[in-house]
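*Asks:* The sequence isn't on hand, but the structure is:
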Ligand code: SF4
């Protein structure tokens, strides 16, 4: 799996970092970034929840089996 954050869409709501703090964090401006080395989600099942929680759909997951 590969996580992509659309920075043009992200509004800094922070839902992704709340849902999966082991994968997402927020930069100085409050926008979402992926923690170093966690671009593949690190097997965290909450990544999917983070993508669902994002109110603007800025978190995209690619390369999933069946997805
Ligand atoms: S939940 Fe969505 S809008 Fe909020 S910080 Fe994360 S990616 Fe950005």
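*Replies:* That came in fine, so what should we check first? Bear in mind that the values here come from a model prediction, so they are computed numbers and not experimental data.
*Asks:* what are the ranges of the strands in the chain?
*Replies:* Assigned by DSSP state E, the strands in the chain fall at 2-5, 24-26, 32-34, 59-62.
*Asks:* now what about the second one, what contacts it?
*Replies:* Identification of contacts with strand 24-26 by CB atoms under 8 Å, 6 or more residues apart in numbering yields 12, 14, 16, 17, 32, 33, 34, 35, 50, 59. Bear in mind the C-beta positions are built from the backbone N, C-alpha and C, glycine included.
*Asks:* follow-up on the earlier one: in JSON lines: the strands of the chain, plus mean pLDDT.
*Replies:* Putting these into JSON lines (pLDDT from 0 to 100) gives the following:
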{"stretch": "strand 2-5", "mean pLDDT": "96"}
{"stretch": "strand 24-26", "mean pLDDT": "97"}
{"stretch": "strand 32-34", "mean pLDDT": "96"}
{"stretch": "strand 59-62", "mean pLDDT": "96"}
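*Asks:* Can you add distance to the ligand and mean neighbour count and give those back as CSV?
*Replies:* Listed next are the strands of the chain as CSV, based on distance: least, CB to the nearest ligand atom, whole Å; neighbours: other CB atoms under 10 Å:
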stretch, distance to the ligand, mean neighbour count
strand 2-5, 5, 16
strand 24-26, 6, 19
strand 32-34, 4, 20
strand 59-62, 5, 16
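*Asks:* what's the closest of those strands to residue 43?
*Replies:* Of all these, it is strand 2-5 that lies closest to residue 43, at 12.1 Å by CB to CB.
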